[in-house]
Every structure is written in C-alpha cells, then in structure tokens.
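Asks: Give me a model of this one.
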Amino acid sequence: MKILALQPGTEQYEEALRGYVLCERIKSVLAKPGTKEHDVYLSYVRDSWRGEPVHDHGDEYRYSDARWELIGNALRHYRDRDETTVKAGRVYLLDDFPVGSAPHGVEVDAEGNVMFTIQVHIRERLETFEQHVDSGPDNNQLSVSLAQMAIVGCGAALQIDYYEDADRGIRELYDHLVMPDRIRSSQLLGELQMFAAKSRFRWSEAAA
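Replies: Sure, this is the predicted structure:
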C-alpha cells in the first residue's frame, strides 16, 4: 500500500489519484448502473485514468475552503477532548488495484498505527446536529467506514457529527463508533474493485 500526505483539492492530490476509485464515493459505486450518480462517477474515473482534464462535481462542496476549515476544527476538537493523536491529509492507495481511501482523518497510536478512520459531518444547525446524534450513521456512512477498514487495515472507524457557532463560542461534537463487519467490508472492497475494472474495460472496449 502507498500512503501519501496530500491536501485534498490541490493539483498534486488530483494527479496522484487519477484513475483511482475512492471508497468515500461508495454511494456512487453502489448506485444502479444507468443512473446519473453511477455513470457520472464512472466517467470521471475513466476519463481521469486516460489523462483527460476532469472535474469531480461531487467534490465541489466537500472540498470548499470553508468546509475544510470546519472539518479541521472538528478534528482538533476531537483530538484535544480525547488527548489523542489525529492525522489529516492521508491517502491510502492499494498496490494491486486502483482503489483507495481518503478519510478526513485517522487516529493513530504511539507507534503510528491507525486505530480509527474518521469521517466528519458538518451540521449547520444545532437541531440538525442533535437529530443526527440520535439517529446515528446512515447506511451510506456505515458503508464508507466499513470500506475504509478494508483498505486502511484498521479495526474500527468513527463517524463524527460536528456543530460550530463561532460567534457564540459553541462547539458540539459527537463520535459514533462503527464496529467491524469483515464480510460486509470484503463485499464493499469487491464492489470498488469491480467498479475500477469496469472503468478500464469500457474504455478498452471502445478503443477496440
């Protein structure tokens, strides 16, 4: 596995991930073929692998400066609250298939081993934050965490809900622990690999 330190949204990040399928986009991978969600991401992966100039429209909001600032605040708040070590800007790429993971952060132990992957969900209203705390991660969020475990090789994951009101000095954070499910993780990894293979096959078929 290759582990890269890259800032999402930068030119270096885009170049390093050309042709890779990221497990954070598992919703698009699992979407029914022929739907916009599935086909747009498939085209993006295929065209980026071919070296064409591309733009992943699904990442516009996720990689806005304001959003990354809040994600950073959430990771620091979690780090300070639990007195732990959190690393951001890590990308994990498998050696044998163009599949990878780019979690918002990872919690590591004293030896630098990943204990948890971390995904942060910014909530714009306190009421929304409280609702998500009560309901817990949805199926897509669970799938992302389970796929991350398969790729990164950690034993659990965190889905964090975060609300911040800087003017009023309010910061609310709740971390949901996602436990391992090796069978489901293996299934999701297989889906990611199949999606990556399909992006190559369709281009090779068209070229022939």
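
Asks: Model confidence at residue 32, what's the number?
Replies: On the pLDDT scale, residue 32 is placed at 96.

Asks: check contacts around the nearest residue to it once chain neighbours are set aside.
Replies: Leaving aside its chain neighbours, residue 32 sits nearest to residue 38 (6.2 Å; criterion: CB to CB, 6 or more residues apart in numbering). Heads up, the C-betas are built off the backbone N, CA and C, glycines and all. Residues near residue 38 by CB atoms under 8 Å, 6 or more residues apart in numbering: 28, 29, 31, 32.

Asks: Same question for residue 91.
Replies: Remark: with contacts taken as CB under 8 Å, 6+ apart, residue 91 is in contact with 3, 4, 5, 6, 13, 16, 17, 100, 101, 102.

Asks: The first one should be in a strand, yeah?
Replies: Yes - secondary structure assignment (DSSP: H, G, I helix; E, B strand; the rest coil) places residue 3 inside a strand.

Asks: is it true that it touches residue 92?
Replies: Yes - with contacts counted by CB atoms under 8 Å, residue 3 reaches residue 92, the gap being 5.7 Å.

Asks: neighbour-wise, which of those two wins?
Replies: When residue 3 is set against residue 92 and neighbours are counted by other CB atoms under 10 Å, the residue ahead is residue 92, at 23 against 12.
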